[in-house]
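Q: Quick one, fold the following:
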Amino acid sequence: MRAVAATIKTFLLLIAAYLLLGVVAYLVPDKWVQRHVGETLYIGDLLLSDYPKAILFTDLNMQDSYTMDAYTEAIIVNQALSMRSEGWRGILLMPRRQEGFPDQCQSLSKALGGQEGLQTVYYGRYWHGSTFVTRLLLACANFLQIRYLIYVLTTLLLLWCSIKLWTGGQRAAALAVPFSLLLVNVYVMQFSMQFAPVLVIALCGMLWVAYHPGMTRLHSGLFFMVLGSLTACFDLIPVPAMSLGLPLLTWVVCRNDDHWRRGMGWVFAMALWWLGGYVATWLAKWGLATALTDMNVFADAYGEASHWSNDGHSYILRAIAECANRVHWGYLAPVVVALAALALKYPRRQGWPVAVQCALVLLIPFVYYLLMARPASHHSWFNYRALAVAMAALLVGLAALVDWQRIYPLLPKHPNHDSKREPHTSD
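A: Numbers count the residues shown, from 1 in each chain. Model prediction:
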């Protein structure tokens, strides 16, 4: 009963926090937002193209792994600009002003100019936490400045994670996670309000685990439920698997559970906690929006899900292949081969339980592609980044099988290296 009460209390507090964030964003004066949206349009950062290149500016294969999503960025800014046009219901329905189904950047320009004849489009299925944050930031900065802020924030978080993991003895994870993120062009995420939220959630989750490795079973479950809920609130489904996979990988290496069967059970359990928070937060949004407005958001969500799930099974292999083709495997392969060779020459049997748990974490992106095959295939140009979880888990799992003390005898031995202690599992 204690676990149930704690779960319900935590979830209700999260929903209340999301609504409060929406109210605070709503109260921001429109004139402040309009001024900085005007500056954004004057700079032209969102007017170059719906899908501009981050590095390569060729016109061939526009939706490749270097593509920015100015189309969705313009929608987010449009929503932040138009949020109060529908009164308080705008917090739940998130309106934007556009003309038919045009270039979203041009629609933003027309909405700012107050052009007549624009239609109101509602986007009530999502919480749009990123739009709430964007409106708050637009009160004091233009969108280009917001992008720089996101870049600085995510860079500092990534450095902090790496340093904390390294000094805490989880050296393989400290190297593998940044390396894997580089292989999926993480810098594109760092300059995007569309992509950044899930990266921020994942990095903050890693930091929390690194600083609280002794969490009890209940606290661990609640923590992953919170991560799932935050993902549903702030992420527009570019890479939700990242906010589960990277913190879970950190959780595995910090616990260093030497019982493989128990460790596997808890990896499954934490993934289910995350999924529970994720799904419940979606359902809460649909329920609130349907009950408090005149729109049936459940029907809208069902229609959208039916569209994307149609013949979804036929896209599974295509989704995996298309996402995999966007990864820089040439940089990963030598590292994998080197670690595998070291594991064969200097095996560490005590590392097998952690390696098995890492193998489960490795499967997370593929489970996502299985469940979301059609959208994952259609949007493989950003969904491929979920594979950073698989690459990091593969590298950490292989590193766990290497007896580094035999290679570097003077290497400081971390207390958990060959520990036989039972992990803290009290409730």
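Q: Next up, identify which helix or strand residue 124 is on.
A: Following DSSP states H and E, one finds residue 124 outside all helices and strands.
Q: From residue 54, how far out is it?
A: 31 Å (Cβ to Cβ, to the nearest Å). Every C-beta, even on glycine, is put in place using the N, C-alpha and C of the backbone.
Q: same thing with residue 233?
A: Where residue 54 is concerned, residue 233 sits at a distance of 26 Å (Cβ to Cβ).
Q: The two - which one has more neighbours?
A: Neighbours per residue (other Cβ atoms under 10 Å) separate residue 233 from residue 54, with residue 233 holding more: 27 against 15.
Q: quick check, distance from the helix or strand hosting the more buried one to the centre of its chain.
A: Using DSSP H and E, residue 233 sits in helix 217-234. Going by Cα atoms, centre = their mean, to the nearest Å, the spacing between the C-alpha centre of helix 217-234 and its chain's C-alpha centre is 13 Å.
Q: ok, now stretch 40-56?
A: Taking mean C-alpha positions (Cα atoms, centre = their mean), stretch 40-56 and its chain are 23 Å apart.
Q: Mind listing what's buried along it?
A: By neighbour count, with 16 or more other Cβ atoms under 10 Å as the criterion, the buried positions of stretch 40-56 are 40, 41, 45, 46, 47, 50, 52, 53.
Q: for stretch 27-39, same thing?
A: Applying a neighbour-count criterion of 16+ other Cβ under 10 Å, the buried positions in stretch 27-39 are 28, 30, 33, 36, 37, 39.
Q: from the residues you listed, which ones fall inside helices?
A: Residues of the buried residues of stretch 27-39 located in helices (DSSP state H): 30, 33, 36, 37, 39.
Q: Kindly reformat those as a markdown table and extend each row with pLDDT.
A: Listed next are these as a markdown table, based on pLDDT from 0 to 100:
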| residue | pLDDT |
| --- | --- |
| 30 | 93 |
| 33 | 95 |
| 36 | 93 |
| 37 | 92 |
| 39 | 91 |
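Q: out of those residues, who's nearest residue 103?
A: residue 37 (16.2 Å; Cβ to Cβ).
Q: Let me see the contact set for the closest one.
A: Residues counted as contacts of residue 37 (Cβ atoms under 8 Å, 6 or more residues apart in numbering) are 77, 80, 81, 108, 112, 138, 142, 143.
Q: Could you dump those residues into CSV and include distance to residue 3?
A: Below are these laid out as CSV (distance: Cβ to Cβ, whole Å):
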residue, distance to residue 3
77, 42
80, 38
81, 43
108, 46
112, 49
138, 41
142, 46
143, 43
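Q: Can you lay out these as a markdown table showing pLDDT?
A: As requested, the contacts of residue 37 are exported to a markdown table (pLDDT from 0 to 100):
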| residue | pLDDT |
| --- | --- |
| 77 | 93 |
| 80 | 94 |
| 81 | 93 |
| 108 | 81 |
| 112 | 83 |
| 138 | 96 |
| 142 | 93 |
| 143 | 92 |
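Q: nearest to residue 268, of those?
A: Sorting these by distance to residue 268 puts residue 80 at the head of the list, at 38.9 Å, by Cβ to Cβ.
Q: What residues sit buried inside the helix or strand that contains residue 397?
A: The secondary structure element spanning residue 397 is helix 387-400 (assigned by DSSP H and E). Within helix 387-400, the residues that qualify as buried by neighbour count (16+ other Cβ under 10 Å) are 387-400.
Q: Ok, stretch 118-138 next?
A: By 16+ other Cβ under 10 Å, the buried positions in stretch 118-138 come out as 118, 121-138.
Q: which is the next helix or strand following the helix holding residue 233?
A: Toward the C-terminus, helix 217-234 is succeeded by helix 241-255 as the next helix or strand (DSSP H and E).
Q: quick check: mean pLDDT across that following helix?
A: Averaging pLDDT along helix 241-255 yields 96.
Q: do stretch 145-159 as well
A: Regarding stretch 145-159, the rounded mean pLDDT is 96.
Q: Distance of residue 408 relative to residue 343?
A: Residue 408 is 15 Å from residue 343, where distance means Cβ to Cβ.
Q: Look at those two and report which has more neighbours.
A: Summary of the neighbour comparison: residue 408 and residue 343, criterion other Cβ under 10 Å, with residue 343 having more neighbours (19 against 8).
Q: how about the nearest residue to the more buried one, chain neighbours excluded?
A: Across the structure, with Cβ to Cβ, 6 or more residues apart in numbering as the measure, the residue nearest residue 343 apart from its sequence neighbours is residue 401 (4.0 Å).
Q: Do I have it right that the one you found meets residue 348?
A: Yes - with contact taken as Cβ atoms under 8 Å, residue 401 and residue 348 are classed as touching, separated by 5.8 Å.
Q: so how far is stretch 372-385 off the chain centroid?
A: On Cα atoms, centre = their mean, the centre of stretch 372-385 falls 14 Å from that of its chain.
Q: Pull that stretch out as PDB, backbone CA atoms only.
A: What follows is stretch 372-385, C-alpha atoms only, in PDB (Å, rounded to 0.1, in the frame of the first residue of the first chain):
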ATOM      1  CA  MET A 372       6.500   2.400 -33.600                       C
ATOM      2  CA  ALA A 373       7.800   1.000 -36.900                       C
ATOM      3  CA  ARG A 374       5.900   3.200 -39.400                       C
ATOM      4  CA  PRO A 375       6.700   6.600 -37.800                       C
ATOM      5  CA  ALA A 376      10.200   5.400 -37.000                       C
ATOM      6  CA  SER A 377      10.700   4.600 -40.700                       C
ATOM      7  CA  HIS A 378       9.100   7.800 -41.900                       C
ATOM      8  CA  HIS A 379      11.100   9.900 -39.500                       C
ATOM      9  CA  SER A 380      14.300   7.900 -39.500                       C
ATOM     10  CA  TRP A 381      16.300  11.100 -39.900                       C
ATOM     11  CA  PHE A 382      15.800  11.800 -36.200                       C
ATOM     12  CA  ASN A 383      14.500   8.500 -34.800                       C
ATOM     13  CA  TYR A 384      17.900   6.900 -35.600                       C
ATOM     14  CA  ARG A 385      19.400   8.600 -32.600                       C
END
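Q: So what touches that stretch?
A: Counting by Cβ under 8 Å, 6+ apart, stretch 372-385 makes contact with 63-65, 67, 69, 184-186, 189, 195, 237-239, 242, 308-316, 318-319, 322-327, 368-369, all of which sit outside it.
Q: Right, I'll leave it there.
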